[in-house]
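Engineer: Mind folding the following:
(one chain, ligands or ions: 1)
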Amino acid sequence: MSAITKSAALALAPLLLAAAPAPAPVTPAELSATVKEIASDPYQGRAPGTPGESRTIAYLVARLKALGLQPAAPGGGWTQTVPMIHDVSGAPTKLAITVRGKALSPIPGTDIAPGTTRATRHVAIADAQMVFVGYGVSAPERGWDDFKGVDLHGKIAIFLVNDPDYAAKPGDDAFGKFGGAAMTYYGRWTYKYEEAARRGAIGALIVHETGAAGYGWNVAGNTVGGTYALPVEPGAPQPVAVQSWIAMPFAKALFAAAGLDLDALSATARSASFHPVTLDGARFAIDMPVASSAIESHNVLAKIPGTTHADETVLFGAHWDAYGVGAPDAQGRTIRPGANDDGLGVASLLALARAYKAGPAPQRTIGFGFWTAEERGLLGSEYYAQHPAFALPTTVANLTIDILQTAGPSRDVVLIGAGQDSLDGDLATAAAAQGRVVTPDAKPERGLVYRADHFSLAKRGVPTLLLMGAGGGVDLVAGGRTAGDAWVSDYTAHCYHQTCDTWSAGWDLRGATADVNLFYAIGAKLAGSRAWPTWNATSEFKPVRDETAAARKQ
Ligand SMILES: [Zn+2]
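Structural biologist: Prediction:
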């Protein structure tokens with residue numbers, strides 16, 4: 001101030017007041033450039049265990065090195081090897097359900113879609129009893145147990161999809177017990193198969209219903225490409241030998257043949273006094289060949305070490321894998337390049353890494369996890385969570401990006417999984433600083449919050465925040481929510497997991513970039529703070545975090 005006159009300072013004042021806020025750390029151009037590269041043909045759609053993976057990993061490591069980050073995988077390198085079992089089940093040579101001597105002949109693909117995640121060449125089940133277990137939920141913290149001690153060893157368990165609260169009405173025991181229409185983890189098909197295995201069942205069948213599942217039979221009944229799974233950890237139960245959805249019309253016919261009314265039984269499943277029901281005289285048999293192979297894939301892990309609290313980590317995550325090469329589309333394209341899903345998430349993490357390196361060193365460590373095999377069932381992030389590089393009790397938060405919208409600036413950001421933890425408030429504060437607001441997911445019953453990598457960490461107690469640009473239409477500056485919804489509908493109908501998920505010079509990434517800069521602000525705040533984000537009292541993830549409270553120093 002000493003070098004300029006008072007009048008000059010006064011003349012400058014309006015300019016200073018009118019000046020824009022500090023330049024946004026992440027730019028649309030850098031997001032676009034990264035996606036253009038990793039969604040290009042040489043990357044072959046980035047399928048795990050293929051040459052496309054090798055190219056992707058090499059690119060990521062080179063970028064991270066050039067940015068000056070440090071390797072952070074367990075063991076000290078850039079990559080964490082993720083072992084996987086890939087099973088492709090062949091057409092069953094035998095598939096029979098008999099009820100009281102009457103043979104029902106379920107048609108694979110139409111009535112049933114059997115598969116397995118065991119490392120095996122052959123699934124053979126003869127004469128297994130069948131037991132309806134309602135929603136199959138064991139939730140002591142909610143005072144709910146559908147099993148009532150029933151013995152499922154060697155049996156086929158039949159589940160309803162979603163949780164007991166999904167269709168509950170006032171007066172039902174389940175009403176309000178599982179978060180209303182929003183799906184809890186107890187509603188996910190993965191939970192049903194896991195619970196069946198924990199109880200020794202040999203098979204698990206889930207009755208398909210479009211509304212309760214969140215998708216149609218066209219998705220549930222499609223077993224093309226097979227299943228991917230992590231090898232069973234020592235001491236953990238074997239997965240069920242056969243797992244499958246069954247179509248609603250077939251399920252009704254099966255129950256009717258056993259003298260039962262599925263609709264009436266489903267109503268009793270919303271009662272806390274529900275008891276499993278054996279399908280009297282029903283027997284299940286299957287003989288199915290399986291092509292099983294072992295695959296090795298890789299997570300990529302990097303960090304900017306913290307200066308004063310290096311053992312506390314703010315962990316960003318995105319998945320590098322996409323759908324690889326498949327059948328040609330109408331234009332003859334075979335590569336599913338995953339430009340948006342989740343090329344944009346990968347680009348966002350690299351941009352955040354660059355931006356943080358450009359600023360002052362953080363007090364806490366900032367970590368970056370580029371996960372494999374998200375599209376195969378969150379496998380890379382799940383393996384990481386089983387074998388973490390940054391201790392989970394002192395992982396401050398996980399901030400995950402999976403798909404961003406490409407239709408331009410928006411007045412809001414859609415939050416999937418609102419109401420779980422204190423990071424909601426951080427997101428609202430960061431959005432307000434941009435002159436934007438947070439809009440909660442309009443359809444929480446779809447359970448999108450269980451379909452991205454942050455979930456692998458959330459279920460182990462790490463507070464999480466998820467940006468998922470296809471989770472709901474935003475309020476676009478040009479066209480409002482109508483235009484935002486139209487973008488989501490168009491993307492999910494035509495491009496999601498398809499050949500058309502390509503990079504485009506025509507993308508308007510200003511809205512996506514603003515979203516990434518929300519994460520930049522939240523990450524910067526957390527990395528410079530002594531605060532620990534907390535789960536809300538009603539969250540299903542709070543109890544596991546509480547077990548390690550002593551590890552988190554204030
Ligand atoms: Zn994705």
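Engineer: per-domain residue ranges of the chain.
Structural biologist: Under the assignment automatic domain parsing, the domains of the chain span 29-66+305-549, 87-292.
Engineer: Out of those domains, indicate the one that is most buried.
Structural biologist: domain 29-66+305-549 (a mean of 20; mean count of other C-beta atoms under 10 Å). Backbone N, C-alpha and C define where each C-beta goes, glycine included.
Engineer: okay, how far is it across that one, tip to tip?
Structural biologist: Domain 29-66+305-549 has an end-to-end distance of 42 Å (C-alpha to C-alpha, to the nearest Å).
Engineer: can you tell if that domain touches the ion?
Structural biologist: Yes: residues of domain 29-66+305-549 contacting the ion under C-beta under 5 Å from the ion: Asp341, Asp342, Asp402.
Engineer: Show me the shaky parts of the protein.
Structural biologist: Within the chain, the stretches with pLDDT under 70 are 1-24.
Engineer: Give me the next element, helix or strand, following the longest helix anywhere in it.
Structural biologist: As assigned by DSSP state H, the longest helix anywhere in the chain is helix 510-527. Next in sequence after helix 510-527, counting helices and strands by DSSP states H and E, comes helix 542-546.
Engineer: Identify the residue spatially nearest to the residue nearest the centre of the chain, adjacent ones excluded.
Structural biologist: Centroid-nearest residue in the chain, with C-alpha atoms, centre = their mean: Ala452, separated by 1.6 Å. Closest residue to Ala452 apart from its sequence neighbours, by C-beta to C-beta, 6 or more residues apart in numbering: Asp402 at 4.5 Å.
Engineer: Make sure the one you found is actually in contact with Leu467.
Structural biologist: Yes: using C-beta atoms under 8 Å, Asp402 makes contact with Leu467 at a distance of 7.4 Å.
Engineer: on that earlier part again, dump the residues of domain 29-66+305-549 next to the ion to JSON lines, plus secondary structure.
Structural biologist: Below are these laid out as JSON lines (DSSP: H, G, I helix; E, B strand; the rest coil):
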{"residue": "Asp341", "secondary structure": "helix"}
{"residue": "Asp342", "secondary structure": "helix"}
{"residue": "Asp402", "secondary structure": "coil"}
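Engineer: quick one, what contacts Trp347?
Structural biologist: Quick fix: residue 347 reads Ala, not Trp. Glu30, Leu31, Ser32, Ala33, Thr34, Val35, Ile38 (C-beta atoms under 8 Å, 6 or more residues apart in numbering).
Engineer: Tell me how far the longest helix of the chain lies from the chain's centre.
Structural biologist: Put simply, helix 510-527 sits 20 Å off its chain's centre (C-alpha atoms, centre = their mean, to the nearest Å).
Engineer: ditto for stretch 318-329
Structural biologist: That offset, for stretch 318-329, works out to 17 Å (C-alpha atoms, centre = their mean).
Engineer: So which of the domains of the chain is nearest Asn299?
Structural biologist: For those, the distance to Asn299 is smallest for domain 29-66+305-549, at 4.9 Å, taking C-beta to C-beta.
Engineer: who does the one helix or strand Ile85 maps to touch, helix- and strand-wise?
Structural biologist: Assigned by DSSP H and E, Ile85 belongs to strand 79-89. Judged by 3 or more C-beta pairs under 8 Å, 6 or more residues apart in numbering; DSSP states H and E, strand 79-89 is in contact with strand 227-229, strand 277-304, helix 379-386.
Engineer: So which elements touch the shortest one?
Structural biologist: The one in question is strand 227-229. strand 79-89.
Engineer: After the strand it packs on, which helix or strand is next? Please name it.
Structural biologist: From strand 79-89, the next helix or strand downstream (DSSP H and E) is strand 94-99.
Engineer: any idea which helix or strand comes after that next one?
Structural biologist: Counting by DSSP H and E, the element after strand 94-99 in chain order, helix or strand, is strand 102-104.
Engineer: My guess is Tyr356 contacts Ala521. True?
Structural biologist: No: counting by C-beta under 8 Å, Tyr356 does not reach Ala521; the two are 11.5 Å apart.
Engineer: mind exporting stretch 246-256 as PDB, just the C-alpha atoms?
Structural biologist: This file holds the C-alpha atoms of stretch 246-256, laid out as PDB (Å, rounded to 0.1, in the frame of the first residue of the first chain):
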ATOM      1  CA  ILE A 246     -36.100 -66.000 -10.900                       C
ATOM      2  CA  ALA A 247     -38.700 -64.200 -12.900                       C
ATOM      3  CA  MET A 248     -41.900 -63.200 -11.000                       C
ATOM      4  CA  PRO A 249     -44.300 -65.300 -13.100                       C
ATOM      5  CA  PHE A 250     -42.200 -68.400 -12.600                       C
ATOM      6  CA  ALA A 251     -41.900 -67.700  -8.900                       C
ATOM      7  CA  LYS A 252     -45.700 -67.500  -8.500                       C
ATOM      8  CA  ALA A 253     -46.100 -70.700 -10.400                       C
ATOM      9  CA  LEU A 254     -43.500 -72.500  -8.200                       C
ATOM     10  CA  PHE A 255     -45.200 -71.300  -5.000                       C
ATOM     11  CA  ALA A 256     -48.700 -72.200  -6.300                       C
END
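Engineer: how close does Ala302 get to Ile57?
Structural biologist: Plainly put, Ala302 is 12 Å away from Ile57 if you go by C-beta to C-beta, to the nearest Å.
Engineer: Ignore what I typed, I meant Lys192.
Structural biologist: Lys192 is 34 Å from Ile57, by C-beta to C-beta.
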